[in-house]
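Colleague: Just the structure for this:
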Amino acid sequence: MGFRQLQSRFSSFGNSMNYASKNCGPGITHIFEARYYSSNLASKDTKEDKPAQVVKFDSNVENVDGQSGKAVVSSYWGVPPSRVTKEDGSPWRWNSFRPWETYKADTSIDVTKHHKATTFMDKFAYWTVQSLKYPTYLFFQRRHMCHAMLLETVAAVPGMVGGMLLHLKSLRRFEHSGGWIKALLEEAENERMHLMTFLELYQPKWYERALVFAVQGVFANAYFVSYVVSPKLAHRITGYLEEEAVNSYTEFLIDLEKGLVENRPAPAIAIDYWQLPPESTLKDVVTVIRADEAHHRDLNHFASDIQCGGHKLKDYPAPLGYH
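Modeller: Below you'll find the model as predicted:
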C-alpha cells in the first residue's frame, strides 16, 4: 500500500470519527474504533488464510476396480481417508462396507418355516402377497438372476420405510425404540447388498430397469401408507414376502444343482461380505442369501406378533447381532 493511499484511508477514518463525536457523542467513537480494528483484522486474516489442505490417496492402495490411487481429493478439514486392511494385511477394496460389518450367515436356519394365517389380518396379508407372486413368476419364469434382482429392489424397501417411521416416532415421543430402528435399517442394507452382489453377475436391460422404477414407486408408497395405518399388518406382509423370497431362492438352488443355471465362481464382494472361502461358487452365495431372507422373515413375523398381542415394539428387544 502506497503512502498516499494510507494517508487517504486515515483521513477518511478521521473525518468519520469527528462526525461521530460531534453528532453522536464520545461513546460512539469507541465503537467506530473497535469496528475499524475488527474489520482490518478480519481482512488481514483472510489474506493470510492458507488454502484447504489437499489429501492424496495412497497410490499403493487399490480401488474397487483394481486400479491404483486415482485423483487428488481435496479435504476441507484435512482429514485423510482411512486405510483399512484385511487380517492378512492386504488392502480392503470396498468403501460401501467395512471388515467389521461382514459376517457368516447362519445357514442352519429353518428355511421351511411358515406362519399360518389364522386371523383376518394374517389372511389379508398372505393373499396380498400371493396375488403379487403369480404375475412375477409368469414374467420371469426360470430367469432366476433377473428375478432375484427385481426381488431385492423390492425387499430392501420395507426395512428402510419402517426404520424411518420408527425413527420419527422415537423423536416425536422422546422414547427409545428397543433397537428396532437399527434392526430394520440393517435389514434394508443387507437386502441392498444382495442386489449389489447380483449386479456383479448380471446387468439388467433397459426394460428391466424401467420395471424396477415402476414397481418400486408403487410399492414404496403403498408400504409407507400401510405402515402408517397398521405397522403390524405391514410387518406381516413383509414376513410373507420374505417367505416367498426363501422359496424363490430354494428353486434357484434346485436349478443350480440340476445344472440348468451355470454355477459360476462367487464374486469378490460376496466372498468378503459373507466371509466365504475363496473357492466359493454362486450356489454358496445363493445359500447364504436365502439364510438372510429366512432371518428377515422371522424378524418381521416376530414384530407383527408383538403388536398383535397388544404390546409395543420398544418393550421387546430387537434381534440384533445377526448382520
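Colleague: helices or strands up against the longest helix along the chain?
Modeller: Ranked by residue count and defined by DSSP state H, the top helix of the chain is helix 144-173. Under the contact criterion of 3 or more C-beta pairs under 8 Å, 6 or more residues apart in numbering; DSSP states H and E, helix 144-173 touches helix 120-140, helix 180-199, helix 206-229, helix 231-258, helix 282-308. For the C-beta atoms, the positions are set from N, CA and C on the backbone; glycine is no exception.
Colleague: Counting by contacts, list what the second one packs against.
Modeller: Put plainly, it is helix 180-199. helix 144-173, helix 268-273, helix 282-308.
Colleague: swap in the longest one?
Modeller: Judged by 3+ C-beta pairs under 8 Å, 6+ apart, the packing partners of helix 231-258 are helix 120-140, helix 144-173, helix 206-229, helix 282-308.
Colleague: With residue 314 as the reference, name the closest of those helices.
Modeller: helix 144-173 (8.1 Å; C-beta to C-beta).
Colleague: Now do the buried residues in that closest one.
Modeller: 144-167, 170 (16 or more other C-beta atoms under 10 Å).
Colleague: again with stretch 255-265
Modeller: 256, 261.
Colleague: Of the helices and strands packed on helix 231-258, which is nearest residue 321?
Modeller: When the helices and strands packed on helix 231-258 are compared (using C-beta to C-beta), the closest one is helix 282-308, at 10.9 Å.
Colleague: relative to helix 120-140, how tilted is the closest one?
Modeller: Helix 282-308 and helix 120-140 are oriented at 160 degrees to each other (axes from the mean of the first three to the mean of the last three C-alpha atoms, to 10 degrees).
Colleague: Which neighbouring elements make contact with helix 282-308?
Modeller: Here helix 282-308 touches helix 144-173, helix 180-199, helix 231-258, going by 3+ C-beta pairs under 8 Å, 6+ apart.
Colleague: follow-up on the earlier one: reformat the helices and strands packed on helix 180-199 as a markdown table; add distance to residue 255 and mean pLDDT.
Modeller: Supplementary listing: those in a markdown table, determined by distance: least, C-beta to C-beta, whole Å; pLDDT from 0 to 100:
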| stretch | distance to residue 255 | mean pLDDT |
| --- | --- | --- |
| helix 144-173 | 6 | 92 |
| helix 268-273 | 19 | 94 |
| helix 282-308 | 10 | 96 |
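Colleague: Format the ones you listed as TSV; extra columns: distance to residue 216.
Modeller: What follows is those, written out as TSV (distance: least, C-beta to C-beta, whole Å):
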stretch	distance to residue 216
helix 144-173	6
helix 268-273	22
helix 282-308	18
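Colleague: so which of those gets nearest residue 115?
Modeller: helix 282-308 (4.9 Å).
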